[in-house]
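Asker: Mind looking at a prediction? Sequence and model below.
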Amino acid sequence: MGNSPEMPDSRSPYVPQFHEEEQTPAQQWDAAREAICAGASDRAVPSPELAQLQLRYVAGEIDQVQEELMRWYWPDVAPAADVRPLPPKQPGRVYPYVAEMAALMQGMNELPPTCPISC
């Protein structure tokens with residue numbers, strides 16, 4: 001499993017892989033925003049940690065694959081041997097779209113509570 005094409009060997013260097021429609025920070029921001037907004041229908045507001053991962057994705061440091069989400073939310077499902085180690089954060093790095101992410105997160109936190117169909 002460690003050397004299969006679907007799951008890179010955890011000892012190999014982390015090399016982000018992006019879809020052809022996710023090559024620029026603007027395209028990556030659009031993809032991240034869409035993913036975050038899709039969860040709004042379920043009142044799923046991303047944690048600050050996930051928002052930071054999304055900013056690292058927009059900056060091109062990491063790709064947006066399920067194993068990143070599993071690392072944060074289901075660590076017992078994604079054993080360390082099967083999850084590529086993330087590159088370390090770069091101290092002092094200014095990430096693109098920080099202000100937009102902050103505004104999006106604030107807007108998500110201000111959404112009204114979900115309402116059952118009958119209301």
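Answerer: Thanks, I have it. The structure displayed is predicted, hence computed values, not measured ones.
Asker: Just list the residues touching Q27, thanks.
Answerer: Residues in contact with Q27 (CB atoms under 8 Å, 6 or more residues apart in numbering) are E21. Backbone N, C-alpha and C define where each C-beta goes, glycine included.
Asker: Please identify the helix or strand for it.
Answerer: When elements are assigned from DSSP states H and E, Q27 belongs to helix 25-38.
Asker: tell me which residues of that helix are tucked away?
Answerer: 28-29, 31-33, 36 (16 or more other CB atoms under 10 Å).
Asker: pLDDT below threshold where in this structure?
Answerer: The chain contains residues with pLDDT under 70 at 1-14, 40-43, 64-85, 113-119.
Asker: Could you pull out the helices in it for me?
Answerer: Using DSSP state H, the helices of the chain run over 25-38, 48-58, 66-73, 98-109.
Asker: Now do stretch 52-63: everything it contacts.
Answerer: 14, 16-18, 25, 28-29, 32, 35-36, 46, 64, 68, 72, 86-87, 89-90, 93, 95-98, 101.
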